[in-house]
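# below is the sequence, then the predicted model.
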Amino acid sequence: MTHEVHKVAKESGGFRIVIANSATSITEDNKNDIVVDGSHCGANIATDYVLPNGARGMIGNDAGIGLEDAGIASLKILEAQGIPAAAVAAMSAEIGVGQSTYDEGVISAANEVARKMGVAVGMTAKEAAAKMLKGIS
Amino acid sequence: MAEKKTIVKEAGGRKIVVADSAAAMDESTKGDVFVDGSHCGINVGEMTIHSGVGAMVGNDAGMGKNDAGIAALKMCDEKGIPAAAVAAMSAKIGNGMSTYEQGKVSVANEAAQKLGVSAGMSAKEAADKLLEGLIKGGK
């Protein structure tokens, strides 16, 4: 199928905030990017897409957290690699729609790397992404 | 990247295929029952319809805002594609084998209900019913 085109929401010092409906569309072109997407934050998102392509930060959907906190499992995996990551509450944004994550999302969980950059629970995804961008720049 | 797929059953020229992500749907899964660890949001509905899979079972992602987590089910219904979601508390999202082995159906679209899939059923049983229904339907 055709590859999803990312929207660039912000650029600063060679780094960007990009918006994608699906984290599966992350490629090596995103190695200087904070990716804000509509995907859940399950383990496969970190191991199969964010880490292999070297994205610099991630904000996704917590998918209702779910069984064994699977909906936010990627946050810890990325934390271990020093990558800031956060999730928005499933009731705050429409899962599968990256622009909804960015425009409507409210942070429900953030890993330690993200928290050190100033990301906090209750913050809007937009503000969180801006803090991550500043943090990596 | 090419996502890994596991064939868990084959019958009547069709398969039940399990993958972590709906992004793994492709030419090789046309007409098959595709069980994945993805949410059932609008973009997964598009993938399902464009890929030509026979049926889909994913995760309801806690339903979420505007029931976005199961938006694909209605989209699939409009195309006559049976689809169902398992409860986010029954299976690990992002893990297709968990959907298949642990998932409990929370919602099924009309096309899936016609093939005998109902809420509360295990995903495995639902996938079997979908496979059987697709074989009988012969499309």
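Cool, got the structure.
# only C-alpha atoms from now on, for both contacts and neighbour counts.
Will do.
# can you tell me the closest non-neighbouring residue to residue B:27?
residue B:51 (6.9 Å; Cα to Cα, 6 or more residues apart in numbering or on different chains).
# which regions of the chain sit below the pLDDT cut-off?
Answering for chain A, as no chain was given. For chain A, the stretches flagged by pLDDT under 70 are A:1-2.
# my question was about chain B, not that one.
B:1-2, B:139.
# circling back to that earlier point, number of residues surrounding the residue nearest to residue B:27?
Other residues lying near residue B:51 total 20 when counted by other Cα atoms under 10 Å in any protein chain shown.
# and for residue B:4?
10.
# re the thing from before, wait, doesn't the residue nearest to residue B:27 sit right on residue B:24?
No. Assessed by Cα atoms under 8 Å, residue B:51 is found out of contact with residue B:24, at 9.6 Å.
# and chain B, is the one helix or strand residue A:128 maps to touching that?
Per DSSP states H and E: residue A:128 is located in helix A:125-136. No. Figure legend: helix A:125-136 not in contact with chain B (Cα under 8 Å from any Cα of the partner chain); closest approach 15.3 Å.
# return the distance of that helix from the chain's centre.
10 Å (Cα atoms, centre = their mean, to the nearest Å).
# for chain A, what spans make up the strands?
A:7-12, A:15-20, A:33-40, A:57-61, A:85-88, A:107-110 (DSSP state E).
# who's in contact with the last one?
So that's strand A:107-110. By Cα atoms under 8 Å, 6 or more residues apart in numbering or on different chains, the list of residues contacting strand A:107-110 from outside reads A:62, A:72, A:75, A:84-89, A:119-125, A:128.
# and those residues, which are buried?
A:62, A:72, A:75, A:84-89, A:119-121, A:124-125, A:128 (16 or more other Cα atoms under 10 Å in any protein chain shown).
# nearest to residue B:113 among those?
residue A:62 (28.4 Å; Cα to Cα).
# how about the residues of chain A that lie near chain B?
So far as Cα under 8 Å from any Cα goes, chain A lies against chain B at A:1, A:21-22, A:24, A:39-45, A:63-71, A:90-97.
# if any of these are buried, put those into a ChimeraX selection.
Buried subset of the residues of chain A next to chain B, written as a ChimeraX selection, criterion 16+ other Cα under 10 Å:
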select /A:21,22,24,39,40,41,42,43,44,45,63,64,65,66,69,70,71,90,91,92,93,94,95,96,97
